[in-house]
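**Q** For reference, the sequence and a predicted model appear below.
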Amino acid sequence: MRTSWASFAVVAALALAGCTEPVDDLVPTEPVSETPAPAPSPSATASWGALVTTPLTVATGTDPGAADGQSLNIPAGWTAEVWANVSGARLAAWTPDGRLLVSNGGGNTVTELTPTEPGKAPTASALLTGLNSPQGLAFALNGKVLIVGETDQIVAYDYLDGKATNPRVLVDNLPTGGHGAKGIAVNGDTIYYSLGSSDNRSAEDRDADSPRATIWQVDVNGGGNKVVATGVRNGFGLAIAPDKTLFTAVNQMDNQPYPFDDDTGQLGLNVRDYINENPVDQVTRLTMGVDLGWPYCVPDTTNTPDLLNVPYVNDPILNPTGDKLDCASLPPTMLGIPAHSAPLGLAFTAGTPLEAELGSGALITTHGSWNRDTPRPPGVVFSPWDDARQSLGVPVPLVNGFQSDAGDRWGRSVTAIPGPDGSLYVTDDEAGLVYRITPNP
């Protein structure tokens, strides 16, 4: 049974309180063991089976734009609705009083969507304007403080009754350009933010005054700003797992030179067939001081076709002899995502109403490729959480259909987050829309 719209504030407040409970060892000082257990087949299917092409309905008062007459592929019995217009819709977060906040990057605005009633568009208003490319959104201190990641700073606001006030800058003068968008995750009074690389393959980023390709943490009062993880090319997607550790979704390198000195004679060359499938993007746990290897080490799926616990191989141009970084010593990536998927959204279902439908796991939202032949499509996959191993398993499709078989797109998903009504809310920055996808209404 769906949670009523009138119950939004109560459910959202309870969920928010559960997700922001302080935990002392959120980022362990020692790496968590990633010893692989027997893995499901890469062709594993979820309990909902094959996805079904489902026409999009349109909430009254919403302009469907590019989604007019389109369909999405979703589990059988689910519905998909064009719910709201937000130009350039990027990341999203639910407020403690049941409103959906959506950032729009270059639009310099955080929009507040207040649900009305089923079948009707939410009331939209600008919560914050005049920002510098806002992206990451998250709440701290049991929903009392809103954290916003702008391209050059991390800012905290007091939040109450649909208003954000008393802005204070926690971190300023952050590097911009390149992968300059700042993702955010919060646990209690600790904020985590991404500082992506300046370029595709820039080893200089590792030694910069403010090293890029990193994940940082800062206290909610602005103290304790420090690096958590290095070698993270673009770890824009950040979220807290059910075991209260920090996870990231990483966009890996483009045009990766062939890294194997084998009988093909292709070492160090740009080989299209290899580039199309390598390196895989990453979803993995971050421990204090961990290094994900970029750009010296390349995720290598040669012996891990299930894309679980993926080790590394030396980059043939930047680290051919391993003298820059011992790639074999790095902890493996927990989960690989097909190359050039561009995972931007990462959210866990544990403790949300959607857990009853999907189980506990990660919603990984991909933006799709820009340079692959043929393009990797956007969409949402679900990776089940294994409590015994405290890790993620082989992902299965949950939402797709934004792209034709020929590679033409009408939309581009950015993030998918559970709503307090039990629906899934998906943002689309290309169509400028937010979709409400509801299980078995």
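**A** Yes, it's here. Everything numeric in this text was worked out from a predicted model, so none of it was measured.

**Q** Helix or strand next in line after the lowest-mean-pLDDT helix or strand in the chain, which one?
**A** Within the chain, no helix or strand scores below helix 8-19, which has a mean of 41 by mean pLDDT, DSSP states H and E. Per DSSP states H and E, the first helix or strand lying C-terminal to helix 8-19 is strand 52-55.

**Q** Tell me the helices and strands packed up against that following strand.
**A** Judged by 3 or more Cβ pairs under 8 Å, 6 or more residues apart in numbering; DSSP states H and E, strand 52-55 is in contact with strand 71-74, strand 79-85. C-beta here means a position set from N, CA and C on the backbone, and glycine is covered the same way.

**Q** Name the strands paired with the last one and say parallel or antiparallel.
**A** Paired strands of strand 79-85, with direction, are strand 57-58 (parallel), strand 433-438 (antiparallel) (DSSP bridges).

**Q** What's the mean pLDDT across that strand?
**A** Strand 79-85 shows a mean pLDDT of 98.

**Q** centroid residue for the protein?
**A** Gly345 (2.3 Å; Cα atoms, centre = their mean).

**Q** now the helices: where do they sit in the stretch 151-300 of the chain?
**A** Using DSSP state H, counting those that start in this stretch, the helices of the stretch 151-300 of the chain run over 272-277.

**Q** which one of the helices and strands packed on strand 52-55 has the most crowded surroundings?
**A** Counting by mean count of other Cβ atoms under 10 Å, strand 79-85 has the highest mean neighbour count of those, with a mean of 23.

**Q** so what does the helix or strand following that strand touch, helix or strand wise?
**A** On the C-terminal side of strand 79-85, the nearest following helix or strand under DSSP H and E is strand 92-94. Taking 3+ Cβ pairs under 8 Å, 6+ apart as contact, the helices and strands that strand 92-94 lies on are helix 8-19, strand 100-103, strand 137-140, strand 413-418.

**Q** Paired strands for the second one, with orientation please.
**A** This points to strand 100-103. The strands that strand 100-103 pairs with in its sheet are strand 92-94 (antiparallel), strand 110-114 (antiparallel) (by DSSP bridges).

**Q** so Ala431 touches Ala66, yeah?
**A** Yes: contact criterion Cβ atoms under 8 Å: Ala431 and Ala66 qualify, at 4.3 Å.

**Q** that older thread, make CSV from the strands paired with strand 100-103 and add mean neighbour count to it.
**A** CSV is the format used below for the strands paired with strand 100-103 (neighbours: other Cβ atoms under 10 Å):
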stretch, mean neighbour count
strand 92-94, 25
strand 110-114, 22
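
**Q** Quick check: which ranges of the protein have low pLDDT?
**A** Within the chain, the ranges that satisfy pLDDT under 70 run 1-45, 441.

**Q** 80 - rerun?
**A** Residues of the chain that meet the criterion pLDDT under 80 lie in 1-46, 441.

**Q** tell me which residues of stretch 357-368 are tucked away?
**A** In terms of neighbour count (16 or more other Cβ atoms under 10 Å), stretch 357-368 has its buried residues at 357-358, 360-368.

**Q** Among those residues, which ones are in strands?
**A** When DSSP state E is applied, those are split such that 361-366 fall in strands.

**Q** Specify the angle between the host helix or strand of the residue nearest to the centre of the chain and strand 361-366 in degrees.
**A** Using DSSP H and E, the secondary-structure element containing Gly345 is strand 343-348. Inter-element angle recorded for strand 343-348 and strand 361-366: 170 degrees (by axes from the mean of the first three to the mean of the last three Cα atoms, to 10 degrees).
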